[in-house]
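Engineer: From the sequence below, what's the structure:
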Amino acid sequence: MRVYDRYLGRETDLPGTVTAGRFRLLEDIDLQNGVRLASGQVLFGDIRGDCVVGNGQAVIKAVEGWEAFDEEHELHAPALAALVNTPKAQDARDFSPLVPASVGDLAQIQELEQALSERIDHLREINQRPRMSMHYEVDAAPVSRARKVATNAIAHLAAHSEDWQRRTLSGIQPKRILALFSKDEMAIYENRVYGCLLDKLHAHLKRRLRQVDRLKRKYEEALRLGAIENLDYRLRDELCSLWGRALPDQDTKRLLDNSKATLGVLERLHKQVGALRNGALYSALPCSARVPEQLRETNILQHDQHYRHLRPLWRLHQKQSSDRAMNPQELAERDLCLLEHFTVYIGLLCGRVVAESKLIEVHGDARVFASAELQLERRVDEWHLLCGDQALVIVPTLLPEHSPAVATERNSRRVIVSLLESDDFQMPDFGPDTASFCVNPLDFYGLEKIRLVVESFLWRMAFFRYGQPIPRLPRHAQEWLGVRGGEPTGSGHGIAMRRPLTHNEYRELIAWLPAAQVNAETADAIRRTADNLKILATCRECGERAYFDVEPGGFRARCGPCGLRWGVWTEHGQRVAKLTAGHKGSFQSHGARHMFFSLETAGSSGPGRLDRP
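Structural biologist: From the prediction side, this is the model:
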């Protein structure tokens, strides 16, 4: 069966073991769990267990820790749906990718939790004074121990002479007799309902504690953004601005207070339910004590002053968890819908980065970078940023994959962006050559990650082209360019331009090219080289002309007002490029203002090997 590998960007045979979300279907298929997927859809199964494709062609592996995936879905699904459907999403510059205020409703006390707070005392009474039934066990025991004789004791005694003490004229004196021994039976139906309800409540409260605590910590981080000292002031201002557009400070403070209050209630309830699960009644129930979801209407559950409170709690839990009680087809459709929203979300981030870049010129409806037209377009479930003959392909997916094999071709680079987080993708290690990372509405650095990926893709092209000669030039063209800083190469009648032209020199070049008596290909090469040098001499922060110093084997540039420095040089025998706003910069402290990568991959704007400064 042929499928499209989204990570490698080509068609391939479906492997025996499949990662959910990696492959796009080229034909309709049926999974053995009843899921039907159409051609063009991404291959998803049931995250809770392995899914067999077709007649055993492949197995879609279950998601490790799928419960956490469900929790993440509850946070990200409403956030993404609200963000991609907001009117502000139409304006790339005004779009804030951070979690909207509506998600803060998840930190409110839910109906189940309110009802549990009101009825927790009844659960304690059930634990202390449970209902039970009397259970009798029949056993042959010495007469001295018997308190109640079984109905068939005489028949048993007649058949077992070994239990006789002696035989007399008046009858038999028994030594052992079949007796009834009473035993309290705790595992009645109503107590099993109680035990199962405690398990459900305990799992629900743990889930809600993690959810609300994450929102609380995010609101606390937002309020601390302005006071973080190790951040570059421009990055701090940008992060504060993004959060301010999503949530003003007063709303953040209100949501933080709500989440703290809710967290306090949940912690108290979690502690109380935990104590009941350690109580005498729960401990006396067998581990296998389970009841169906549909409760029986018993007299005790209906009329007992304490047990009658179990039914409302049970039904509220059913109502609260009904959204998660999905069949495999519904789960697959849910994941496909979430992937669609996430793909649109990534496109909005890319659009904002392109719209804000000072290095990209706008000519009518076209955007141009170093004489090459820049296009951002969606192709099925991928985003392609095209610049001349180079392409950056951003592949959105839901689940992170450990060290995925990503295609690196001569003129194309693919980057995997996941919605969920993983311990493998720590922010301090994030750099221009990172092949996979996560972005979501709870990530303050999400836009900055996309900005670094896009800008490093453009900067790498400009850095790599620096100093490349323009070959086979006529003598008069060599002389004309030589007067304006061009350096003749050793052979091939070429010129290497290593310093940017001044404003007047650039105007002269544009006026000279039509009459220069060079072919169109050479004229384009000269124009691209001049525009590339113009980019390298322009500050990415303010868009102004920077100081540009040519050095052997490279250059160094700096912007006085902004403090940014960048250049190309040789380090440890390798050609490297760097852009930074400080001597000890990092992505965490400076964002996209800090880039460092190797230019050793000849002819490629794709990822080379990342070398640390």
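
Engineer: Select the longest helix from this protein.
Structural biologist: helix 189-224 (DSSP state H).

Engineer: average model confidence for the helix or strand that comes right after it?
Structural biologist: Under the assignment DSSP states H and E, the closest C-terminal helix or strand after helix 189-224 is helix 233-246. In this model, helix 233-246 has a mean pLDDT of 88.

Engineer: Mind checking the pLDDT average for the helix or strand just after helix 233-246?
Structural biologist: Counting by DSSP H and E, the next helix or strand C-terminal to helix 233-246 is helix 249-277. For helix 249-277, mean pLDDT rounds to 93.

Engineer: Which residues in helix 249-277 does the neighbour count mark as buried?
Structural biologist: 252, 255-256, 258-259, 262-263, 265-266, 269-270, 272-273, 276-277 (16 or more other CB atoms under 10 Å). All C-beta spots, glycine's among them, are computed from the backbone N, C-alpha and C.

Engineer: Give the full set of residues in contact with the residue nearest the centre of the chain.
Structural biologist: Residue closest to the average C-alpha location in the chain (CA atoms, centre = their mean): L420, at 1.6 Å. L420 makes contact with F69, E72, L398, L399, P400, C438, N440, according to CB atoms under 8 Å, 6 or more residues apart in numbering.

Engineer: Work out for me the element it sits within.
Structural biologist: Judged by DSSP H and E, L420 forms part of no helix or strand.

Engineer: and the gap between it and C350?
Structural biologist: 20 Å (CB to CB, to the nearest Å).

Engineer: same question, C438
Structural biologist: In terms of CB to CB, C438 sits 16 Å off from C350.

Engineer: Over to R451?
Structural biologist: Using CB to CB, R451 is found at 9 Å from C350.

Engineer: Could you do M186 as well?
Structural biologist: According to CB to CB, M186 and C350 sit 62 Å apart.

Engineer: More neighbours: which of those two?
Structural biologist: Legend: neighbour count by other CB atoms under 10 Å for M186 and C350, higher for C350 (24 against 21).

Engineer: Help me confirm that the more buried one comes into contact with K449.
Structural biologist: No. The pair C350 / K449 is not scored as a contact, 11.2 Å apart, by CB atoms under 8 Å.

Engineer: Show me the beta-bridge partners of R378.
Structural biologist: Counting by DSSP bridges, R378 is bridged to W383.

Engineer: Flag the shaky bits of the stretch 251-400 of the chain, pLDDT-wise.
Structural biologist: 323-324 (pLDDT under 70).

Engineer: Do a quick rundown of the strands in it.
Structural biologist: Listed in chain order, the strands of the stretch 251-400 of the chain (DSSP state E, counting those that start in this stretch) span 361-363, 366-369, 372-379, 382-387, 390-397.

Engineer: domain parsing for this protein?
Structural biologist: 2-62, 101-130+188-321, 133-185 (automatic domain parsing).

Engineer: how about a markdown table for these, with distance to E333 added?
Structural biologist: Putting the domains of the chain into a markdown table (distance: least, CB to CB, whole Å) gives the following:
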| stretch | distance to E333 |
| --- | --- |
| domain 2-62 | 9 |
| domain 101-130+188-321 | 19 |
| domain 133-185 | 46 |
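
Engineer: need the contact list for I346.
Structural biologist: W383, I394, P396, V417, V439, I450.

Engineer: Likewise for D531?
Structural biologist: Taking CB under 8 Å, 6+ apart, we find D531 in contact with A370, S371.

Engineer: The one 5 residues further on too?
Structural biologist: With contact set as CB under 8 Å, 6+ apart, L536 has these partners: A462, F463, Y466, P500, F548, F555, A557, W566.

Engineer: Next, the contact list for the fifth one, please.
Structural biologist: Contacts for F548 were tallied using CB under 8 Å, 6+ apart; they are R499, P500, L536, A537, F555, R556, A557.

Engineer: Quick check: chain neighbours aside, which residue is closest to the fourth one?
Structural biologist: So that's A537. Once flanking residues are discounted, A537 sits nearest to P500: 3.9 Å by CB to CB, 6 or more residues apart in numbering.

Engineer: quick one: that neighbour and M326, what's the gap?
Structural biologist: In terms of CB to CB, P500 sits 59 Å off from M326.

Engineer: what about the two, which has more around it?
Structural biologist: Using other CB under 10 Å as the criterion, P500 and M326 rank with P500 on top: 24 against 15.

Engineer: from what I can see the more buried one touches T529, true?
Structural biologist: No. If you go by CB under 8 Å, P500 and T529 don't touch, sitting 10.1 Å apart.

Engineer: looking at the domains of the chain, which is closest to L80?
Structural biologist: domain 101-130+188-321 (10.0 Å; CB to CB).

Engineer: Point out where this protein drops to low pLDDT.
Structural biologist: 65, 87-93, 134-136, 181-184, 323-324, 402-410, 422-429, 490-492, 600-613.

Engineer: list the contacts for V518?
Structural biologist: By CB under 8 Å, 6+ apart, the neighbours of V518 are L473, P474, A477, I526.
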